[in-house]
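> Compute the structure for the input listed below.
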Amino acid sequence: MEKYLVALSTEERFELEQLVSRGKAAARKLTHARILLLADTSSGKPHTDTEVVAALGVGVRTVERVRKCLVTQGFRSALDHKPQPPRPDKVKIKGNVEQKLVQLACTDPPEGRCRWTLQLLAEELVVLGLAAPSISTETVRAALKKTTSSPGSSRPGAYRRR
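Alright, predicted model coming up:
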């Protein structure tokens, strides 16, 4: 594996020392600052990755990642937290499709079955063209769980507990 050497300028080193001595920053930012200070080659003898890990209680991979980020992306990028990309919407069955699903779950099951299963409901949604063929039974379960379809019941869920 490639080893990235950390060589801080005097201004960068001063800024990191100020940041660590103040202690008023996010824990991740302070940890990254400490990693960079300990791994700096310009201030005499740099610490090895195992020494940094022992001193700070972080993983070896974290130390490697911070070193690489400093060398490849720059000083600011190594310190500041990069926000996570937006996650896709968790609710995949909404509105009209959810309404049709509840209606379908309340109807009589197909011939030869005594009740609707989640797999049968998912397959029926695909046949009706209301959902993609990749719909999972967990998506159907979550949609049925959040509805209040039992008349007279204030408990959430498509089926009433006995």
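
> make it CA atoms for all contacts and neighbour counts henceforth
Will do.

> Would you mark the buried spots in the least confident helix or strand in the chain by mean pLDDT?
The weakest-scoring helix or strand in the chain, judged by mean pLDDT, DSSP states H and E, is helix 137-146 (a mean of 87). For helix 137-146, the neighbour count (16 or more other Cα atoms under 10 Å) marks 137, 139-141, 143-144 as buried.

> And for stretch 118-130?
118, 120-125, 130.

> Now do the strands in this structure.
Read by DSSP state E, the chain holds no strands at all.

> and the protein, what are its domains?
10-79, 85-162 (automatic domain parsing).

> Check the gap between residue 144 and residue 90 for me.
To residue 90, residue 144 is 14 Å away according to Cα to Cα, to the nearest Å.

> How about residue 78?
Residue 78 sits 31 Å away from residue 90, going by Cα to Cα.

> more crowded one of the two?
Shown here are residue 78 and residue 90; by other Cα atoms under 10 Å, residue 78 has more neighbours (21 against 7).

> State the pLDDT value of residue 89.
Looking at residue 89, its pLDDT stands at 72.

> Skipping adjacent residues, who's closest to residue 97 in space?
residue 130 (6.2 Å; Cα to Cα, 6 or more residues apart in numbering).

> Which phi and psi values does that neighbour adopt?
Per-residue torsions, residue 130: phi -90, psi -20 (degrees, to the nearest 10).

> pretty sure it is touching residue 96, no?
No: the criterion here is Cα atoms under 8 Å, and residue 130 misses it with residue 96 at 9.1 Å.

> where's residue 124 relative to residue 50, distance?
For residue 124 relative to residue 50 (Cα to Cα), the value is 57 Å.
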